[in-house]
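Visitor: only geometry, no sequence info:
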């Protein structure tokens, strides 16, 4: 059962990041934007059962809860702390999922060799220059796809509904990926 070590504010006023003493997963990110998505995740289901919760994102030893802006944070944090503390810590199965998860399966990818190489470069840049900062703020992003010089990204956790994600961060990401290919545009989906 993970113990809550700390609580952090995020740039998104509707999100809070819980730092845990034990990991919930080993490298496997779990992101939910509706209760319907949580049917196989007991912790996320319990958190969505709390009124005003609109998003749950967790990986390793931190979890971000986003609310609709209508709840008192003090009360909401006390309510969501129960299911977080009762959740099982990460098991070996989580590590197995992490090793099996590959976002770019070559045999299934409809991408050309050039686009596949471009996506690998883009993810390396995002891993070094973007994701650590987003994760520090209780969020993350993943690449949804690349099609016709349009890179589609999806924000998770606190970044999912944060105004600065859609403006400043997206412009920064666009600048970074245009170093790889000046013709690329980036959109958030």
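Guide: Thanks, I have the structure now. Predicted model only: the values in this text are computed from it and were never measured.

Visitor: please parse the protein into its domains.
Guide: By the assignment in automatic domain parsing, the chain contains the domains 4-98, 102-188.

Visitor: reformat those as CSV; add mean pLDDT.
Guide: Output for the domains of the chain, formatted as CSV (pLDDT from 0 to 100):
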stretch, mean pLDDT
domain 4-98, 90
domain 102-188, 85
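
Visitor: is it possible to export these to JSON lines including mean neighbour count?
Guide: (Glycine included, C-beta is placed from N, CA and C.) Compiled in JSON lines, the domains of the chain are given as follows (neighbours: other Cβ atoms under 10 Å):
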{"stretch": "domain 4-98", "mean neighbour count": "17"}
{"stretch": "domain 102-188", "mean neighbour count": "16"}
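
Visitor: got the residue ranges for the helices in this structure?
Guide: All helices of the chain, identified by DSSP state H, fall at 42-48, 73-86, 92-100, 113-129, 131-136, 163-164, 170-180.

Visitor: quick one: which of the ones you listed is nearest residue 7?
Guide: helix 73-86 (6.7 Å; Cβ to Cβ).

Visitor: give me the contact list for the closest one.
Guide: 1-4, 7, 16, 18, 20, 43, 46-47, 50, 52-53, 63, 65, 67 (Cβ atoms under 8 Å, 6 or more residues apart in numbering).
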